[in-house]
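K.L.:
what would the 3D arrangement of this be:
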Amino acid sequence: MKPFSYERVASPAEAVEAAEAKPGARFIAGGTNLLDLMKLGIEAPQHLIDVNRLGLDTIEPTAEGGLRIGALVRNTDLAADQRVRRDYAVLARALLAGASGQLRNKATTAGNLMQRTRCPYFYNTDMACNKRRPGSGCAAIGGASHNLAVLGVSDACIATHPSDMCVALRALDATVETVGSGGRARSIPIAEFHRLPGDRPDIETALEMGELISAVTLPPPVGGVHVYRKVRERASYAFANVTVALVAREGVIERLAFGGLALKPWRVEAAEGGTDADLAAELALAGANPTADNAYKLPLARRTLKATLEAAR
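P.N.:
I've put the predicted structure just below:
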């Protein structure tokens with residue numbers, strides 16, 4: 001085991017100060033992803049900052065009529081909240097589709113936002129991976145890419161983002177609130193929070209060094225019928241081949257986002273306001289660049305969207 005130091009902090013400001021004082025430090029709450037990465041030698045932080053005691057574990061209404069979800073709200077509690085179930089059902093359903101009950105009991109809102117890819121080459125330290133070691137290459141390109149990305153890919157990376165929660169947040173136009181150096185607060189639209197790989201797939205989010213997620217804010221409810229459909233290779237504890245987060249009203253697509261297709265949740269604003277699933281899928285998949293292994297995702301995405309829209313109707 002590689003040694004690391006550990007401390008508990010009592011406020012967001014203290015957490016940011018601790019991160020700035022020790023380069024390479026990482027925040028830890030549930031640890032459901034970070035601890036696995038440390039055990040496998042993919043990440044080796046020299047210092048862990050325990051943020052569990054910051055009081056960021058409440059769900060509160062906003063003055064605008066939405067909800068403010070603390071960064072440390074556990075996935076189980078968020079999915080069970082009556083306001084979420086009533087007004088943001090696509091989020092509750094996405095959370096319940098992810099992981100197992102035991103993991104949802106530990107996993108946090110902020111940790112879910114920060115999940116790293118499950119690309120098998122990222123997890124194999126003997127293989128080239130630009131996310132793990134910038135400039136080393138991408139063994140997935142030309143390798144086994146069965147469940148990797150078909151949209152937003154680059155010559156440096158074809159990984160996918162693993163989160164179900166984030167797909168629903170993208171459909172709902174959520175905002176990520178953060179605290180940075182000197183107590184500076186930022187609000188980052190979820191559309192801008194996750195980055196596509198480009199030539200720097202190791203830079204995965206818009207966060208600055210030491211910046212701490214404090215909350216996620218949802219705008220007022222959009223109404224309509226909320227459906228989250230996840231297609232995977234076994235019934236539980238599996239990452240998606242394709243997911244669809246859909247809000248529809250009387251057959252009209254109000255909000256639409258896909259998961260399992262790119263290295264960030266894939267919102268399709270161009271299809272919103274329409275009623276034709278085939279046209280919506282065509283707009284969603286424009287510019288797709290599949291490999292021979294994952295070309296099946298294109299017809300699968302079309303069929304999944306069609307079934308999801310039929311279910312909403």
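K.L.:
any idea where the strands of the stretch 101-250 of the chain begin and end?
P.N.:
Using DSSP state E, counting those that start in this stretch, the strands of the stretch 101-250 of the chain run over residues 175-179, 185-189, 212-218, 225-231, 242-249.
K.L.:
out of those, which gets nearest to residue 78?
P.N.:
strand 212-218 (9.4 Å; Cβ to Cβ). C-beta: built from backbone N, CA, C; applies to glycine.
K.L.:
now that closest one - C-alpha only, CSV.
P.N.:
The C-alpha coordinates for strand 212-218 follow below in CSV (Å, rounded to 0.1, in the frame of the first residue of the first chain):
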residue,chain,number,x,y,z
LEU,A,212,-15.0,21.8,-3.6
ILE,A,213,-18.5,21.0,-4.7
SER,A,214,-21.0,22.3,-2.1
ALA,A,215,-24.4,21.6,-3.7
VAL,A,216,-26.4,20.9,-6.9
THR,A,217,-29.4,23.2,-7.6
LEU,A,218,-32.4,22.1,-9.6
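K.L.:
so what angle separates the directions of that strand and strand 175-179?
P.N.:
For strand 212-218 against strand 175-179, the angle by axes from the mean of the first three to the mean of the last three Cα atoms, to 10 degrees is 150 degrees.
K.L.:
parallel or antiparallel, list what pairs with strand 212-218.
P.N.:
strand 67-70 (antiparallel), strand 175-179 (antiparallel) (DSSP bridges).
K.L.:
reformat those as CSV; add mean neighbour count, distance to residue 37 and mean pLDDT.
P.N.:
Formatted as CSV, these follow (neighbours: other Cβ atoms under 10 Å; distance: least, Cβ to Cβ, whole Å; pLDDT from 0 to 100):
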stretch, mean neighbour count, distance to residue 37, mean pLDDT
strand 67-70, 23, 24, 98
strand 175-179, 22, 21, 98
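K.L.:
for residue 247, which of these is the nearest?
P.N.:
The nearest among the strands paired with strand 212-218, by Cβ to Cβ, is strand 67-70 at 15.7 Å.
K.L.:
ok, residue 120 touching residue 144?
P.N.:
Yes. With contact defined as Cβ atoms under 8 Å, residue 120 counts as touching residue 144 (6.9 Å).
K.L.:
list phi and psi for residue 28.
P.N.:
Backbone geometry at residue 28, expressed as degrees, to the nearest 10, gives phi -140, psi 140.
K.L.:
for it, which residues are in contact?
P.N.:
34, 35, 48, 49, 50, 51 (Cβ atoms under 8 Å, 6 or more residues apart in numbering).
K.L.:
change it to 10 Å
P.N.:
The contact partners of residue 28, by Cβ atoms under 10 Å, 6 or more residues apart in numbering, come to 6, 34, 35, 38, 45, 48, 49, 50, 51, 52, 111.
K.L.:
next: residue 18.
P.N.:
7, 8, 9, 25, 27, 47, 48, 49, 50, 51, 210, 212.
K.L.:
redo that, cut-off 8 Å
P.N.:
Residue 18 is in contact with 7, 9, 25, 47, 49, counting by Cβ under 8 Å, 6+ apart.
K.L.:
export those residues to TSV and append columns for secondary structure and distance to residue 93.
P.N.:
TSV is the format used below for the contacts of residue 18 (DSSP: H, G, I helix; E, B strand; the rest coil; distance: Cβ to Cβ, whole Å):
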residue	secondary structure	distance to residue 93
7	strand	37
9	coil	34
25	strand	35
47	strand	37
49	strand	32
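K.L.:
having no further points to raise, I will conclude here.
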